[in-house]
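A.B. asks: here is the input, now give the coordinates:
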Amino acid sequence: MAQDLQKAAKELGIKYFLVSFVDLFGVLRSKLVPARAIGQMQRDGAGFAGFATWLDMTPAHPDMFAIPDPDSLMQLPWQPEVGWVAGDLVMEGKPVEQAPRVLLKKLIARADKAGYRMKSGVECEFFLLEHNGTEIADTRDTQTKPCYDQSALMRRYNVITEICDHMIQLRWKPYQTDHEDANGQFEMNWEYDDCLVTADRHVLFKYMVKTLAEKHGLRATFMPKPFLRLTGNGCHAHVSLWDRAGKKNVFHDPRGELGLSALAYNFLGGVIHSADALAAIFNPTINSYKRIDATVTLSGATWSPNAISYSGNNRTHMIRIPDRDRFELRLMDGAANPYLMQAGVLAAGLDGIDNQRDPGKRLDINMYTEGQRLRRIRRLPLNLLDAIRVFGKSKVLRDAFGAELVDSYCKLKLQQWRSYATTLTQWELDNTLDC
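C.D. replies: Modelled structure (predicted):
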């Protein structure tokens, strides 16, 4: 990757750079910088007013600067005169503690000090809707079980293959696309990598899908549950831990249970231990809690977890072990902040290793049919308010994330909850007008 962005601009024909960061709510913020000025931006950063974003600042705060990380540079294949680059936020020469990418890099450094690096891949699900965003665009996509439907997939061939072609150009190594379990829903997969690389790509993927959908007269949404009777948008993460050099997967042990090492189970124990608190960042919206522990969908299954549990190759659990070298974490949804999501997994996993946390016994049952019979199993939060309260009290995440980020996140999300709670809904009118 280019270390000198001005030189890269000349070599690649880049005329403008999007210097970007993601705030606590996962909103992608950017400044468009002409190539002639990128040298100065690489040195000093692009200036922003923090109060104008979801970072819990006031108008009195000093200027905030996004310092471009040249290793993150990606030239937009559909707009090659533009280069996208992730910025790390600083204020008065110090890192902004509540900046998600800054947090993830801090945890990566902590893992490196312990001799580890986390690699991950994400499975981003999204709907393609009519441009007004209220209905599925493909009126012929009506099957009760539409998953893997070739005809429905191929009716969206133009937009799907354009996205895939761009991922190939970006060297992400995409390997499959399918029509997902809900009508109008799709999933595209690319190869796993270091968790920071995956997070940066996750950010750009969402922007790319939305942009190209608009080009085709459609609207793409990653909203967790846009349709109550259909399966929601998950964002499953496949996670493994490697040695510092990235050569050996330290989760793999052919002599271990299901081929996993004791260290892997400690990592898993950490995720299990903090799962209810992690829900606040894995499922960060009001709408998120209509996806998890939901009623049965049109296809017959929600494919989302209803409790804090793990199993082998069994998709009814919050965590499954699909192979002998990784975990699939199934709690996250399409609204998850790409950086906070990776940071949460890494923080909880490192805590599990440090404290040798035991994940408990694996459950080899169908959680959708048998889970309600289990009395001692821990349940996921029922709503965002419950999740935020647990997150705010989590010593593990407070120590890992820092009090400033945790308090800011809780403050802003509680404001969001109050806005929702003071909104009069049609359900209330339908059920209590005549009480």
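A.B. asks: which residues of the stretch 251-400 of the chain fall in helices?
C.D. replies: Ranges of helices in the stretch 251-400 of the chain, per DSSP state H, counting those that start in this stretch, are 262-273, 275-282, 338-354, 367-370, 384-393, 395-401.
A.B. asks: out of those, which is closest to residue 51?
C.D. replies: Across the helices of the stretch 251-400 of the chain, residue 51 has its closest neighbour in helix 338-354 (20.3 Å, CB to CB). Using the backbone N, CA and C atoms, a C-beta is placed for each residue, glycine as well.
A.B. asks: now do that closest one: which elements does it pack against?
C.D. replies: On a contact count with 3 or more CB pairs under 8 Å, 6 or more residues apart in numbering; DSSP states H and E, helix 338-354 meets helix 100-113, strand 116-130, helix 195-215, strand 235-243, helix 262-273, helix 275-282, helix 395-401.
A.B. asks: out of the helices of the stretch 251-400 of the chain, nearest to residue 193?
C.D. replies: Nearest to residue 193 among the helices of the stretch 251-400 of the chain is helix 338-354 (11.2 Å), distances taken as CB to CB.
A.B. asks: which residues touch stretch 143-156?
C.D. replies: 128, 138, 140-141, 160, 177-183, 185-186, 298-300 (CB atoms under 8 Å, 6 or more residues apart in numbering).
A.B. asks: hmm, try it at 10 Å
C.D. replies: With contact meaning CB atoms under 10 Å, 6 or more residues apart in numbering, stretch 143-156 is reached by 128, 136-138, 140-142, 160-161, 177-187, 213, 216, 218, 230-231, 297-301, 303.
A.B. asks: what residues sit buried inside it?
C.D. replies: For stretch 143-156, the neighbour count (16 or more other CB atoms under 10 Å) marks 146, 147, 149, 152, 153, 155, 156 as buried.
A.B. asks: stretch 88-95 too?
C.D. replies: Quick answer for stretch 88-95 (16+ other CB under 10 Å): 88, 89, 90, 91, 95.
A.B. asks: what's the end-to-end length of it?
C.D. replies: Across stretch 88-95, the terminal residues are separated by 8 Å (CA to CA, to the nearest Å).
A.B. asks: off-centre distance for it?
C.D. replies: 24 Å (CA atoms, centre = their mean, to the nearest Å).
A.B. asks: secondary structure class for residue 29?
C.D. replies: Three-state call for residue 29 (DSSP: H, G, I helix; E, B strand; the rest coil): strand.
A.B. asks: I'd assumed residue 47 was in contact with it.
C.D. replies: No: using CB atoms under 10 Å, residue 29 makes no contact with residue 47, being 11.9 Å away.
A.B. asks: what touches both of those two?
C.D. replies: 19, 66.
A.B. asks: higher neighbour count, those two?
C.D. replies: Each of residue 29 and residue 47 has its neighbours counted (other CB atoms under 10 Å); residue 29 has more, 19 against 13.
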